[in-house]
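> how would this look folded up:
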Amino acid sequence: VPAALLGTALLRRPAALGAAAARSAPARDSHGAPRQGHGSSKAASLHWTGERAVSVLLLGLLPAAYLCPGPAVDYSLAAALTLHGHWGLGQVITDYVHGDTPIKVANTGLYVLSALTFGGLCYFNYQDVGICKAVAMLWSL
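Here you go, the predicted structure:
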């Protein structure tokens, strides 16, 4: 909608909202310019591309798991699912956890959870039937 149609009065922030925003703690902005020591826009672009690549890889792994199950697909699924979940939960932390100490605790917990998830999936693939066979067994119920 063109600004001329709305008028300048509608485009200004009300004084009460401006004062409230000034008093509140600054929120972490994952979409803004990088802060000192927090990477660059090139790193963010590569991360975004990596997320999309893993998502597309998962789309290809799902039919592969059905058509030709085996250890290679099992371990590929373990890695891709863990990485996909790690990045997704990392974004939840970025959006909802505030303050330096809580962010450090949440990120440490995320890395521990991701390592345990990947280790557990690899253990399941090695010691048990594997992800592909397990899902096929669930579908056969």
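> Quick one: the strands in the protein, in order.
Counting by DSSP state E, no segments of the chain form strands.
> Which residue ranges of it form helices?
With DSSP state H as the criterion, the chain has helices at 3-6, 8-11, 15-23, 41-67, 71-96, 100-127, 131-139.
> could you say what helices and strands the fourth one packs with?
Packed against helix 41-67 by the contact rule (3 or more C-beta pairs under 8 Å, 6 or more residues apart in numbering; DSSP states H and E) you find helix 71-96, helix 131-139. Glycine gets a C-beta too; all of them are placed from N, C-alpha and C.
> Can you check which of the ones you listed gets nearest to L121?
Distances from L121 to each of the helices and strands packed on helix 41-67 were compared by C-beta to C-beta, and the smallest falls on helix 71-96, at 3.7 Å.
> Please name the residues that touch the residue sitting nearest the centre point of the chain.
The centroid of the chain falls nearest to G88 when counting by C-alpha atoms, centre = their mean (1.9 Å). Contacts were defined as C-beta atoms under 8 Å, 6 or more residues apart in numbering; by that measure G88 touches no other residue.
> Please tell me how far Y75 sits from L46.
Here the distance between Y75 and L46 works out to 24 Å (C-beta to C-beta, to the nearest Å).
> And stretch 85-97, what's buried?
H86, W87, L89, G90, I93, T94 (16 or more other C-beta atoms under 10 Å).
> Considering the helices and strands packed on helix 41-67, which stretch scores lowest in mean pLDDT?
Comparing mean pLDDT across the helices and strands packed on helix 41-67, the lowest value falls on helix 131-139: a mean of 90.
> packing partners for it?
Contacts defined by 3+ C-beta pairs under 8 Å, 6+ apart place helix 131-139 against helix 41-67, helix 71-96, helix 100-127.
> so which of the ones you listed is the most packed in?
The highest mean neighbour count among the helices and strands packed on helix 131-139 belongs to helix 71-96 (a mean of 16), with neighbours defined as mean count of other C-beta atoms under 10 Å.
> Which one of the helices and strands packed on helix 131-139 lies nearest to A136?
Distances from A136 to each of those were compared using C-beta to C-beta; the minimum, 7.7 Å, belongs to helix 41-67.
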